[in-house]
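Colleague: The following block contains a protein sequence and its predicted model.
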Amino acid sequence: MLHISPSISIPDHEIEMHAVRSQGAGGQNVNKVSTAVHLRFDVQASSLPQFYKDGLLTLRDHRISADGVITIKAQQHRTQERNREDALERLRLLIQSVAIPRKKRRATKPTKASQNRRIESKKKQGRLKTLRRTLE
């Protein structure tokens, strides 16, 4: 059972995990032991509240496929158990990030003084370049 908040949790049968061989350095251990973990979680078929489902499906994240399946690969640690915990923690953090309301962006304009400073620096640079020209 993965606890998202005090009132929301995901049952273990909704999270699919497979052990696979890790990539990269590690010598003989990497070639023999399946320590990396692939986690798959189908958002639409889950028991999450609709608010979380909608938020996850609108996220622009490379870990979420077009059909709403979250795929996380954990291979940072040397043991399968630590990678399993890491994958579950990353899934929990991804789901919790949806519950945080995003601040609405407020459009701003540059101040008149900053505009004047910008124009003056451009004029100064232009004058400097004209002084560098060779006279004919």
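Modeller: Yes, it's here.
Colleague: roughly how far apart are residue 24 and residue 30?
Modeller: According to CB to CB, to the nearest Å, residue 24 stands 7 Å off from residue 30. Any C-beta I mention is one placed from the backbone N, CA and C, and that applies to glycine too.
Colleague: ranges for the strands of this protein?
Modeller: 2-3, 9-10, 15-20, 36-42, 69-74 (DSSP state E).
Colleague: so which of those comes closest to residue 128?
Modeller: Minimum separation from residue 128 across those (CB to CB) falls at strand 69-74, 54.3 Å.
Colleague: related to what we said a few turns ago, and among the strands of the chain, the most buried is which?
Modeller: strand 36-42 (a mean of 20; mean count of other CB atoms under 10 Å).
Colleague: picking up where we left off before, quick one: which of residue 24 and residue 30 has more around it?
Modeller: residue 30 (17 against 7; other CB atoms under 10 Å).
Colleague: count of neighbours near the closest residue to that one other than its chain neighbours?
Modeller: Setting aside the residues directly before and after it, residue 30 is nearest to residue 22 in space (CB to CB, 6 or more residues apart in numbering), at 5.3 Å. Using other CB under 10 Å, residue 22 is surrounded by 23 other residues.
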